[in-house]
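Got a predicted model here, sequence first, then my questions.
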Amino acid sequence: MRRLLPTIALMLLAAPAARAQDLRPFCADRPGKATPPCILDVGHVQIETGLADVVFLRQPDAHATIYTIGSSEFRFGLTPRLEAEAIWAPLIINHSRGSGDRTGVGDLTLGLRGALLASDSNGPAVSLQGFVTAPTATHGLGAGGWMGGVRLPAQLPLGALSLDLTPEVDVVRNASGHGTHAAWVGVAALSHGFGKLTVGAEAWGSVDDDPARVSHQASADLTVAYAVGDNGQLDVGMNIGLTRDTPDLEMYVGVAHRF
C-alpha cells in the first residue's frame with residue numbers, strides 16, 4: 001500500500017483534465033478542518049486523498065502515535081446544488097503505550113451537501129451538509145457504533161482574504177460504548193492566494209458532552225495548498241493542540257483531483 005501511494009498520486013494528477021472552461025473553480029475540502037460550501041459540478045467526481053497523516057498524543061495518562069495512510073474522500077456531483085460524499089481510511093496504525101499496537105481500517109462516512117446561497121457567485125456562499133458514520137473500522141480504531149452530524153459551511157470573501165466558518169452539531173458514541181451524546185464543533189479559517197499557492201490559518205474547537213466527562217478540544221492549524229492545473233491540488237498541513245484533551249500535534253500531506 002505505501003509503495004502504491006506515490007503512483008496513485010501521480011495518476012490522479014496526470015489524469016485527463018475535465019473541461020475547466022465549463023466548470024466551477026476547483027474547490028477541495030482539503031486541507032484543514034473547515035468545510036467549504038462549494039458543490040461539485042453535475043456528473044463529475046473528485047477524489048481527495050490523505051497520502052499520510054500522523055497524530056502525536058503525549059500526555060501523562062496517554063501516549064500514542066497514530067498513522068493514517070490513504071484516507072480518501074469521494075465526492076459526486078448530483079445536481080447543480082447537491083453532491084454526495086463518501087470517506088474511508090484503508091489503513092490506520094495506532095502505536096499506543098500500554099495497550100499495544102492496532103492496525104486496520106477506519107469507519108465509513110456517507111454524506112450529502114446542498115447549496116443554500118450563491119453557490120455560483122463570488123459573494124457569500126452557504127451550504128448544508130448532513131452525514132452518518134457506519135462502524136466499519138477494525139476494533140479499537142473507530143467509534144464503535146453509528147454516529148452522525150450536521151454542518152453549515154459558509155464562506156465570505158474579505159477583499160484579498162477568504163473567511164470560512166463551519167459550525168457543526170454531532171451525535172457521538174459515549175466513551176462507555178453504550179448510548180450517545182451531543183458534541184459541538186466550530187471552525188474559523190482565513191486564507192489568501194498567492195497565484196497557485198494558497199496559505200491558510202484556522203482556529204478549531206469542540207465540546208464533547210460525554211456523560212463520563214465533558215472534554216474541550218482546541219487547535220491552531222496551518223495549511224498550504226498548491227494548484228496543479230485547473231483540476232488538481234497538492235497540500236500539507238499542521239494542527240497544534242491547545243488543550244489537554246487535544247492531540248499535541250498532527251501533520252499531513254495530501255492530493256486532490258477532479259475528473
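Nice, I can see it.

quick one, strands of the stretch 51-200 of the chain?
Assigned by DSSP state E, counting those that start in this stretch, the stretch 51-200 of the chain shows strands spanning 62-69, 71-79, 82-88, 91-96, 100-104, 108-117, 125-134, 147-151, 154-158, 161-173, 180-194, 197-209.

low pLDDT regions in the stretch 101-250 of the chain?
Under the criterion of pLDDT under 70, the regions of the stretch 101-250 of the chain flagged as low confidence span 119-121.

so can I have a markdown table of the strands of the stretch 51-200 of the chain showing distance to residue 40?
(C-beta placed from N, C-alpha, C; glycine too.) Shown next, in a markdown table, are the strands of the stretch 51-200 of the chain (distance: least, CB to CB, whole Å):
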| stretch | distance to residue 40 |
| --- | --- |
| strand 62-69 | 24 |
| strand 71-79 | 4 |
| strand 82-88 | 5 |
| strand 91-96 | 26 |
| strand 100-104 | 30 |
| strand 108-117 | 9 |
| strand 125-134 | 11 |
| strand 147-151 | 16 |
| strand 154-158 | 15 |
| strand 161-173 | 17 |
| strand 180-194 | 20 |
| strand 197-209 | 19 |
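
Kindly reformat those as JSON lines containing distance to residue 52 and mean neighbour count.
JSON lines is the format used below for the strands of the stretch 51-200 of the chain (distance: least, CB to CB, whole Å; neighbours: other CB atoms under 10 Å):
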{"stretch": "strand 62-69", "distance to residue 52": "6", "mean neighbour count": "17"}
{"stretch": "strand 71-79", "distance to residue 52": "9", "mean neighbour count": "17"}
{"stretch": "strand 82-88", "distance to residue 52": "16", "mean neighbour count": "18"}
{"stretch": "strand 91-96", "distance to residue 52": "10", "mean neighbour count": "17"}
{"stretch": "strand 100-104", "distance to residue 52": "15", "mean neighbour count": "13"}
{"stretch": "strand 108-117", "distance to residue 52": "20", "mean neighbour count": "17"}
{"stretch": "strand 125-134", "distance to residue 52": "22", "mean neighbour count": "18"}
{"stretch": "strand 147-151", "distance to residue 52": "25", "mean neighbour count": "19"}
{"stretch": "strand 154-158", "distance to residue 52": "28", "mean neighbour count": "16"}
{"stretch": "strand 161-173", "distance to residue 52": "24", "mean neighbour count": "17"}
{"stretch": "strand 180-194", "distance to residue 52": "22", "mean neighbour count": "16"}
{"stretch": "strand 197-209", "distance to residue 52": "20", "mean neighbour count": "17"}
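
Of all those, which one comes closest to residue 44?
strand 71-79 (4.8 Å; CB to CB).

CA-only coordinates of the closest one in PDB, if you can.
Once non-C-alpha atoms are left out, strand 71-79 reads as follows in PDB (Å, rounded to 0.1, in the frame of the first residue of the first chain):
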ATOM      1  CA  SER A  71      -7.700   8.100   3.800                       C
ATOM      2  CA  SER A  72      -9.900   9.300   0.900                       C
ATOM      3  CA  GLU A  73     -13.000  11.400   0.300                       C
ATOM      4  CA  PHE A  74     -15.000  10.700  -2.900                       C
ATOM      5  CA  ARG A  75     -17.300  13.500  -4.000                       C
ATOM      6  CA  PHE A  76     -20.000  13.000  -6.700                       C
ATOM      7  CA  GLY A  77     -21.900  15.900  -8.300                       C
ATOM      8  CA  LEU A  78     -25.600  15.000  -8.400                       C
ATOM      9  CA  THR A  79     -27.400  18.300  -9.300                       C
END
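
partner strands of that strand, parallel or antiparallel?
strand 45-59 (antiparallel), strand 82-88 (antiparallel) (DSSP bridges).

how close does the most centrally placed residue in the chain get to residue 66?
Note on the chain: the residue nearest the mean C-alpha position is residue 33, at 5.5 Å, using CA atoms, centre = their mean. Look at residue 33 and residue 66: by CB to CB, to the nearest Å, they are 16 Å apart.

Thanks a lot, catch you later.
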